[in-house]
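# okay, sequence plus prediction incoming.
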Amino acid sequence: MIAACAGWFAVPFREANAYHWGMLPDRDSLLSRLHELRSEHRDLDTVISRLTEAGPTDQLHLQRLKKRKLVLKDEIAWLESRLIPDSIA
């Protein structure tokens, strides 16, 4: 299940609730989740490519897959920003 968090992108409820209640997940948990999201993003990319190459396809289904891929991209960016410490220039 997806919940809105930090403005314009979504994160899973379990992570949103953990941050809300001050229970920050450890670095290993974040890295594991990041790996899962990247894997799903790659899989969606492959599925979308194959559906597009296969000829006429259900455009609504294709649109939903692309939207899910964008949500994953936003989640990946959010997690990466949590994992990379701010640098003072």
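Arrived safely, thanks for sending.

# the protein: strands as residue ranges?
2-5, 9-12 (DSSP state E).

# buried stuff in the helix ranked longest in the chain?
Across the chain, the longest stretch assigned as helix under DSSP state H is helix 27-53. Neighbour counts over helix 27-53 (16 or more other Cβ atoms under 10 Å) mark 30, 33-34, 37-38, 41, 44, 48 as buried. Using the backbone N, CA and C atoms, a C-beta is placed for each residue, glycine as well.

# equivalent analysis for stretch 52-68, please.
Buried, per 16+ other Cβ under 10 Å, within stretch 52-68: Leu65.

# quick one on the thing from earlier: could you dump the buried residues of helix 27-53 to TSV with pLDDT?
Shown next, in TSV, are the buried residues of helix 27-53 (pLDDT from 0 to 100):
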residue	pLDDT
Leu30	91
Arg33	94
Leu34	95
Leu37	97
Arg38	97
His41	97
Leu44	97
Ile48	95
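
# save these as JSON lines, and put in distance to Pro56 too.
Output for the buried residues of helix 27-53, formatted as JSON lines (distance: Cβ to Cβ, whole Å):
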{"residue": "Leu30", "distance to Pro56": "41"}
{"residue": "Arg33", "distance to Pro56": "36"}
{"residue": "Leu34", "distance to Pro56": "36"}
{"residue": "Leu37", "distance to Pro56": "30"}
{"residue": "Arg38", "distance to Pro56": "30"}
{"residue": "His41", "distance to Pro56": "25"}
{"residue": "Leu44", "distance to Pro56": "20"}
{"residue": "Ile48", "distance to Pro56": "15"}
